[in-house]
Every structure is written in structure tokens, then in C-alpha cells.
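**Q** after the sequence you'll find the predicted model.
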Amino acid sequence: MTNILLTGASRGIGAAIADSLTGEGLRLVGQGTRSGIPADFNDPAAPQALWQKALDVLDGRIDVLINNAGIFESNPLDLDHDDWVAGWERTMRVNLTASAELCRLAVRHWQAEGRPGRIVNVASRAAYRGDSPAHWHYAASKAGMVGMTKSIARGYANQGILAFAICPGFTMTGMAEEYLASRGGEKLLADIPLGRVAAPEEVATLARFCALEAPPSMTGAVLDVNGASYV
Ligand code: NAI
């Protein structure tokens, strides 16, 4: 039995990942703000509470952690200092700090049990190509996820603990629809050689691969799913 904890499972990419991880031998616990085990990562205590509840449901063993929950808020420069800093900190807390805390708990769990484990972090193309001026903080949070993933891979490969990052480009979820509508979808689509945004199921295929099948020598890999829109 492979026990999996997935964050942000209630909709979008997370819901597609959850759908891809059903089947014999798999047991999935999803976290959502509105479904599965509820957790709001604005609360610094939430990741630890979530981890403990997931362990309880999964009989004390988690084999795979998938950090998918995330927010994409606009944080333009003309905001007042306090509002801008609050926006920066909210994005860091939800996208990066909560993921980091769950990674820490997962690594310690596997070390204590002397078992292998896998981490899949859903980052973004923004991690390496940046984002719009109002989304520095989002790009920085996702670059942080990539750096964290590679560090975990380097640090614990010899203990059988593997870590992967997935970097989607635009993917057709509520998050992307809102942005495409506000920023002029046609121009943004023209920058994607494939000519369309990704389907959540395409990202989910990759997440399932990393969670269950990717060969150990791939640990630390950062996998693109963006229709060749690299720059
Ligand atoms: P979405 O907005 O449809 O779903 C986000 C998920 O995160 C939801 O399940 C929500 O409950 C959870 N979440 C949001 N705020 C939370 C909080 N405070 N505490 C706990 N959970 C919270 O977004 P989508 O598109 O499915 O995004 C999933 C991941 O993929 C995110 O990390 C996002 O940054 C990343 N991504 C999405 C892209 C896109 O174009 N849709 C592109 C690149 C990366």
C-alpha cells in the first residue's frame, strides 16, 4: 500500500492529481480549504496539524507528499508598504513555508522509520522565467520551492528520500482563467508554441509519474509542462 498526502486537492490541478492517484494499492488523503482534511496555510500551525491528522488517517505511515496548494495573488508596487508586505508574506507562507514545513515533517518521518519516501512539489515556470511585475512574490515563492526540492534531493538521496519539482506553465484552472481574462488571453496564448494552455490532467500525469514511477536517478529533477513556452 502506498500512502499519499496531497495538498490543495479540492480543485484545479490538485483535483486532477487526486483523480490520477486512485486505484489498487494507493491510499490518498487530500487537504483542501473546503474538502478532505481542511487546513488554511495562512495559519503557521496548520501544516503540522495537517501532517498529524493525515498520519492518523493513514495508520501512521505516509510514503508520498505532494505539495500542490498555492495562491497567485496580484501585489503591485503602488500598494502601500504594509499592504505590499502583507501580500508578499501571505504568498510566501502559503506557497513556500507551508510546503517547506511539510517537507521537513516528511523527511523526519522517513528518517525516524528508516523508510524511503518521495516528495513532489508543484512549483511553476515562473520559478525560472519570472512573472509579471505584480507577481515577483509568486515567482520568488516558486523559485524557493525549486531550490528546496533540489536541496532535499541532494541531502537525502542516500537515504532513499527522493524529491521532484514540477513546473507548469498556464494550466486551465480557475487560477489561470482569471489571469488570462484580465491580461488579454490572445497575446499570452501566442507565447505558447503548443498554441494552448495545459490541461490539469497533463500536470497530473507528471505528478503521478514522480510520485510512483520516476526512477531514483531522476531525484532533484525539475520537470516542465508548459507547451515549450520556456522564455
Ligand atoms: P487553484 O486555485 O485551482 O487551486 C489551488 C489549491 O490550493 C486549492 O485546492 C486551494 O484550496 C488550495 N489553497 C489555496 N489557498 C490555500 C490556503 N491558504 N491554505 C491551504 N490551501 C490553499 O489553482 P491551480 O491552478 O490548481 O494551482 C495548483 C498549483 O499549481 C499551485 O501551487 C499553483 O501555483 C501551481 N501552478 C498553477 C498554474 C496554472 O496556470 N494554473 C501554473 C503554474 C503553477
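**A** Arrived safely.

**Q** pull the CA atoms of the host helix or strand of L105 into CSV?
**A** Assigning secondary structure by DSSP states H and E places L105 in helix 98-113. Provided in CSV are the C-alpha atoms of helix 98-113 (Å, rounded to 0.1, in the frame of the first residue of the first chain):
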residue,chain,number,x,y,z
ALA,A,98,3.8,25.5,4.4
SER,A,99,5.4,23.3,1.7
ALA,A,100,8.8,23.5,3.5
GLU,A,101,7.3,22.6,6.8
LEU,A,102,5.5,19.6,5.3
CYS,A,103,8.8,18.5,3.6
ARG,A,104,10.6,18.8,6.9
LEU,A,105,8.0,16.7,8.6
ALA,A,106,8.1,14.1,5.8
VAL,A,107,11.9,13.8,5.8
ARG,A,108,11.9,13.4,9.6
HIS,A,109,9.1,10.8,9.4
TRP,A,110,11.1,8.7,6.9
GLN,A,111,14.3,9.1,8.7
ALA,A,112,12.7,8.0,12.0
GLU,A,113,11.1,5.0,10.3
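
**Q** next helix or strand past that helix?
**A** Helices and strands here follow DSSP H and E; after helix 98-113, the next one along the chain is strand 117-122.

**Q** what angle do that next one and helix 98-113 make?
**A** Going by axes from the mean of the first three to the mean of the last three CA atoms, to 10 degrees, strand 117-122 is angled at 170 degrees with respect to helix 98-113.

**Q** give me the helices and strands touching the following helix or strand past strand 117-122, please.
**A** Sequence-wise, the next helix or strand downstream of strand 117-122 (DSSP H and E) is helix 126-129. The helices and strands touching helix 126-129, judged by 3 or more CB pairs under 8 Å, 6 or more residues apart in numbering; DSSP states H and E, are helix 136-156, strand 161-168. Where you see a C-beta, it was placed from the backbone N, CA and C, and this is true even at glycine.

**Q** looking at those, which is closest to S182?
**A** With CB to CB as the measure, helix 136-156 is the member of these nearest S182 (14.5 Å).

**Q** D43 sits in which helix or strand?
**A** Residue-wise, D43 maps onto no helix or strand under DSSP H and E.

**Q** with the one 10 residues further on instead?
**A** Element membership of K53, judged by DSSP H and E, is helix 46-57.

**Q** hang on, the earlier thing: could you say what helices and strands the helix holding L105 packs with?
**A** So helix 98-113, by 3+ CB pairs under 8 Å, 6+ apart, packs with helix 46-57, strand 64-67, strand 117-122, helix 136-156, strand 161-168.

**Q** can you put the ones you listed in TSV and add mean neighbour count and distance to E73?
**A** Output for the helices and strands packed on helix 98-113, formatted as TSV (neighbours: other CB atoms under 10 Å; distance: least, CB to CB, whole Å):
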stretch	mean neighbour count	distance to E73
helix 46-57	18	18
strand 64-67	27	18
strand 117-122	26	17
helix 136-156	20	7
strand 161-168	26	18
